[in-house]
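Engineer: would you be able to build a 3D model of this:
(chains A, B, C and D)
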Number of protein chains: 2
Amino acid sequence: MPTYKEIQSVLLDRIKSGEWKPGMLMPPEAELAGEFGTTRVTVNRAMQALAEDGFVERRRKAGTRVVRRMTRDAHVRIRIVRDEIEQSGRRYSYLLVSRGVERPPQAIQAELGLAAETGALHVMCLHFADGKPFQLENRWISLDVVPQAADERFETVSPNEWLLQTVPYSNAEHVFRAAGASPQETEHLDLGPNEPVFIIERTTWLEGQTVTHVRLSHPADGFRIVTRD
Amino acid sequence: MPTYKEIQSVLLDRIKSGEWKPGMLMPPEAELAGEFGTTRVTVNRAMQALAEDGFVERRRKAGTRVVRRMTRDAHVRIRIVRDEIEQSGRRYSYLLVSRGVERPPQAIQAELGLAAETGALHVMCLHFADGKPFQLENRWISLDVVPQAADERFETVSPNEWLLQTVPYSNAEHVFRAAGASPQETEHLDLGPNEPVFIIERTTWLEGQTVTHVRLSHPADGFRIVTRD
DNA sequence: GAGTGGTCTAGACCACTCG
DNA sequence: GAGTGGTCTAGACCACTCA
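Structural biologist: Purely as a prediction, here's the structure:
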């Protein structure tokens, strides 16, 4: 008697091998239960897992179809920058560049959902790998949502790590892009003017309220994002 | 009687609100089943979903713990370049630059897992948005794994789309990075020398065999990757 | 050894949606 | 209306692993 994971794997093989082609209707659960000598519930569990993984689409009455893919999904795991540097065997160091409450530029203000007059905590800092600038962190924190940040100096703990401790389960959206180095990036990352940088922008919210917006800039050589799956 | 999804959502709220903090042991399934007035199986389904989403870790006898996160996961959906351009309301066009069987450079040879003497199909082509170069596709295809590719001219269908039709459920690994434009990119993408480009490199395999390796280069302005979740 | 999660069965009812 | 998936229950046995 196969487990649902074995069934899942067999069904996936049939999809990958082309026995069941994209767009095709798969047999109903009851029929597969008969074939595998198991219950419908077990087959159901297997097919739900396939649906979560994006291989099939299921609708009541309509049945289960192999998905026609016009996209590729990839998963990215972004580590705390300190761990990323240390796990690659390099020495990590940290430098606070500036910290203060300011009125953010309009784009950031909109992103944070702030009223026109409200200030936010602006922190800039640098992360080094073996003494070389690795990442410039340019961050705005909403003091409405995280008032505790006002008491934190960020002289030894980076806002990145502090926020992950303080607001561990916020949601986030990331933008990855490339650009020529801005004057600020040129200066702090020790680059020539307009040299390529890799930028991650992240906006983080908790229960509908924006917590923070950050721009993480990296010299293009020595930084890459690798997906898993 | 709550459904497992309702239970999942209640448990997630307790985690997000900090009632159950990172590292904490959660009550056993049997106890929660009592609390929710349902069966252990239903609670189990809810907690398995939380585990798949990365919020908790479960071990027999040890119980279920809220995960201590030092990472952030993000999901990326990469569309076929034609869809990406057309869905943004721009006109898509395609140009084949070159196509032929060649001995690939060593790095690609290793990536494709080819013997030293073996050739592979090398295709270069361009994707335009409103007549402006949007993406340079530089691809190597293993003829051992996809012999049908030898008969395909790629004059109107890009290798990207052809492969997605032909080998729809291969696995892939992506690398995202930034760089200054190479001479080739400078020429085809209509850039100045060393202007920033955003590069996606993708290696694709099917049942342990490498199908293809591709380098997709984009002018940095006008290209970004946005994550979902 | 004993507590915890992993999974199965058999039967049931419900919810959706296609024709 | 009828076929399909979504989910629950009650009970059971097993697999792991901590103390």
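Engineer: show me where pLDDT drops low in chain A?
Structural biologist: Of all residues in chain A, those with pLDDT under 70 make up the ranges A:1.
Engineer: helices of that one, start to end?
Structural biologist: Applying DSSP state H to chain A gives helices spanning A:4-16, A:29-36, A:40-52, A:81-87, A:106-112, A:159-166, A:183-188.
Engineer: and the first one with DNA strand D, contact?
Structural biologist: This points to helix A:4-16. No - using C-beta under 7 Å from any atom of the strand, helix A:4-16 stays clear of DNA strand D, coming no nearer than 11.5 Å. To be clear about C-beta, it is placed using only N, CA and C from the backbone, and glycine gets the same treatment.
Engineer: centre of the chain to that helix, how far?
Structural biologist: 29 Å (C-alpha atoms, centre = their mean, to the nearest Å).
Engineer: the third one too?
Structural biologist: With C-alpha atoms, centre = their mean as the basis, helix A:40-52 stands 27 Å off its chain's centre.
Engineer: contact partners of it?
Structural biologist: Residues from elsewhere that reach helix A:40-52 (C-beta atoms under 8 Å, 6 or more residues apart in numbering or on different chains): A:2-5, A:7-8, A:11-12, A:15, A:26, A:29-30, A:32-33, A:36, A:56-58, A:64, B:52.
Engineer: also near DNA strand C: which of these, exactly?
Structural biologist: Counting by C-beta under 7 Å from any atom of the strand, A:Pro2, A:Thr3, A:Tyr4, A:Lys5, A:Ile7 from the contacts of helix A:40-52 sit close to DNA strand C.
Engineer: circling back to that earlier point, closest one to A:Val214 among the helices of chain A?
Structural biologist: helix A:159-166 (7.5 Å; C-beta to C-beta).
Engineer: which residues touch that closest one?
Structural biologist: With contacts defined as C-beta under 8 Å, 6+ apart, helix A:159-166 is touched by A:80-82, A:123, A:125, A:137, A:139, A:141, A:146, A:148-149, A:152, A:154, A:204, A:211-212, A:214, B:69-70.
Engineer: with stretch A:81-91 instead?
Structural biologist: Contacts of stretch A:81-91 (C-beta under 8 Å, 6+ apart): A:79, A:92, A:94, A:127, A:129-131, A:134-135, A:137, A:158, A:160-161, A:216, B:70-71.
Engineer: which one among these gets closest to DNA strand D?
Structural biologist: Nearest to DNA strand D, judged by C-beta to the nearest atom of the strand, of these is B:Met70 at 20.5 Å.
Engineer: dihedrals phi and psi, that closest one?
Structural biologist: Main-chain torsions, B:Met70, degrees, to the nearest 10: phi -120, psi 10.
Engineer: give me the nearest residue to it, chain neighbours excluded.
Structural biologist: With sequence-adjacent residues excluded and distances taken as C-beta to C-beta, 6 or more residues apart in numbering or on different chains, B:Met70 is closest to A:Ile80, at 5.2 Å.
Engineer: can you count the residues close to the one you found?
Structural biologist: A:Ile80 is flanked by 18 other residues according to other C-beta atoms under 10 Å in any protein chain shown.
Engineer: spit out the contact partners of it.
Structural biologist: Counted by C-beta under 8 Å, 6+ apart, A:Ile80 has contacts A:Asn160, A:Glu161, A:Leu164, B:Met70, B:Thr71.
Engineer: out of the residues you listed, which is most surrounded?
Structural biologist: Counting by other C-beta under 10 Å, top hit in these: A:Asn160 with 23 neighbours.
Engineer: from A:Arg79, how far off is that one?
Structural biologist: A:Asn160 is 10 Å from A:Arg79, where distance means C-beta to C-beta, to the nearest Å.
Engineer: for DNA strand D, what are the nearby residues on chain A?
Structural biologist: Counting by C-beta under 7 Å from any atom of the strand, chain A sits next to DNA strand D at A:26, A:28-30, A:40-41, A:44, A:47-48, A:51, A:58-64.
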